[in-house]
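Participant: predicted model and sequence below, questions to follow.
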Amino acid sequence: MLVKRIKGTNDIFNDELKYWYHIERIFREIARRYNYSEMRTPIFEATELFIRGVGKETDVVQKQMYTFEDRGGRSITLRPEGTAPVIRAFLENDLSTGGLPKKFYYMGPIFRYEKPQAGRMRQFHQYGVELIGSSDPVADFETIKFAIDFLNAVGLRDYELRIGSIGCGKCRKEYKSALRKYYSDKYDQLCEDCKRRFNTNILRLLDCKIDAELAKSAPETTDYLCDECAEHFKKLRIYLDSLGIDYVVDGHLVRGLDYYTRTVFEIKHSSLGAQDTLIGGGRYDGLVEELGGRPTPSVGFAGGFERLILVLKQENIKIKDLPRCQVYIATVGEKARMYGLKLAENLRLKDISVDMDLMGRNLRNQLKHANRINARYSIILGDEELAREIAIFRDMDSGEQTEVDLDWMENYIAEKIKEGD
């Protein structure tokens, strides 16, 4: 019996990889333009990091984390999000030296125990950025602009930016009171999860998919902002307006993690249905302090590879194909094979991709295999050709064949490949 992959995971190979390479390449390029450096953190961390960082009462911590005890009796969790690990690394490695802000980007696998569906897996992959050290709303603007530039660069246009502010601890307390008053006479209509959240984390009622209709008439966060938070949000909108960036103010936008403060934002795409968020982020001014550091305002975002790839396919965005095998060397006879091995080595040193027969096929089947792997050119070489000091060069697209002197073959191939480029 075959051992199969775990439910909620995927194998990624062949033509599917072109989407991943496309996203990775462009995300790195946009990060370079904004002067972000890469951060790579472990796939597993101490469970306490996420309880303190993400929030004990969040669905991520309560329901979705992959947590286990290792052989040393330590509670370990596969990372369910990327921000807390980056902040942990920032603090542990004393990366504040040299001045702030510090700007990091990351890409990698994330793990959450959820019901698998389109665009949502139990192991999925995120890209994200963290801008650590600035409380200025221009940092919020830059973070949002990074996300927009990235989506534009991958080829998307049909998306919507939604922004909001959930304020600071001072004004959020007043908003929570208003929210609790609104929901108090609707308590019996709430789902079981929201009944629990009513007492433990009432903001989560606003992003419940089951009770979405009730949330539509709930008080809006932006009506309860203190003067400082209102001014911060106003400046962010001024920056967005100044560059002609369209957005919708959403007074019910709260995000799903407890560390957010003030600015929150999402970029949505209608083709994704209920799971329509491509990118989500915001400000988290208290997280560094919560994890043991000095108060350090910060802002960031994250998005999912799988969800973005779904949209790229639905919008029929043309993605560059994976590189073809440039040359296939087909040989007949042991002397020809030895010569072919040396030729392959020399071509690879010239940065040309080369494949050869490793299965002992006859010439006909070697050329069939060259077609199957979509080789651009093939070189046919037998003992008879060796004796004449020539080889047959075949264009696999047109079928045209040319006899080429062995002494000139490497240069001839390089010229043909250059012509093709």
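Facilitator: The structure has been received and is ready for your questions.
Participant: which SS state does residue 403 fall under?
Facilitator: Put simply, residue 403 is strand when judged by DSSP: H, G, I helix; E, B strand; the rest coil.
Participant: wait, isn't it in contact with residue 390?
Facilitator: Yes: applying Cβ atoms under 8 Å as the test, residue 403 and residue 390 come out as touching, 4.9 Å apart. For every residue, glycine as well, the C-beta is placed using N, CA and C.
Participant: look at the two and report which has more neighbours.
Facilitator: Neighbours were tallied for residue 403 and for residue 390 using other Cβ atoms under 10 Å; the higher tally belongs to residue 390 (18 against 11).
Participant: and the helices in the stretch 51-200 of the chain?
Facilitator: Listed in chain order, the helices of the stretch 51-200 of the chain (DSSP state H, counting those that start in this stretch) span 59, 83-92, 137-154, 169-184, 192-200.
Participant: and residue 337, how many neighbours?
Facilitator: Using other Cβ under 10 Å as the criterion, residue 337 is surrounded by 17 other residues.
Participant: how about the contacts made by it?
Facilitator: Shown here is residue 337, whose contacts under the criterion Cβ atoms under 8 Å, 6 or more residues apart in numbering are residue 331.
Participant: which element, helix or strand, includes it?
Facilitator: helix 334-349 (DSSP states H and E).
Participant: and the helix or strand just after that helix, which strands flank it?
Facilitator: Proceeding N to C from helix 334-349, the next assigned helix or strand is strand 354-356, under DSSP H and E. Partner strands and pairing direction for strand 354-356 (DSSP bridges) are strand 327-332 (parallel).
Participant: three-state assignment of residue 252?
Facilitator: Per three-state DSSP, the local secondary structure of residue 252 is coil.
Participant: surely it and residue 205 touch.
Facilitator: No: using Cβ under 8 Å, residue 252 is not in contact with residue 205; the gap is 9.8 Å.
Participant: these two: who's more crowded?
Facilitator: The residue with the greater number of neighbours, taking residue 252 and residue 205 and applying other Cβ under 10 Å, is residue 205; the counts read 25 against 19.
Participant: test my guess that the more buried one contacts residue 189.
Facilitator: No: shown here, residue 205 and residue 189 do not form a contact pair, counting by Cβ under 8 Å, at 11.1 Å.
Participant: joint contacts of those two?
Facilitator: Residues touching both residue 205 and residue 189 comprise 211, 214, with contact defined as Cβ under 8 Å, 6+ apart.
Participant: quick revisit: so can I have JSON lines of the helices of the stretch 51-200 of the chain showing mean neighbour count and mean pLDDT?
Facilitator: Shown next, in JSON lines, are these (neighbours: other Cβ atoms under 10 Å; pLDDT from 0 to 100):
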{"stretch": "helix 59", "mean neighbour count": "20", "mean pLDDT": "84"}
{"stretch": "helix 83-92", "mean neighbour count": "22", "mean pLDDT": "97"}
{"stretch": "helix 137-154", "mean neighbour count": "21", "mean pLDDT": "98"}
{"stretch": "helix 169-184", "mean neighbour count": "16", "mean pLDDT": "89"}
{"stretch": "helix 192-200", "mean neighbour count": "15", "mean pLDDT": "86"}
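Participant: so where's this structure uncertain?
Facilitator: Applying pLDDT under 70 to the chain flags residues 256-257, 274, 421.
Participant: tell me how it divides into domains.
Facilitator: As given by automatic domain parsing, the domain ranges for the chain are 14-168+226-314, 327-416.
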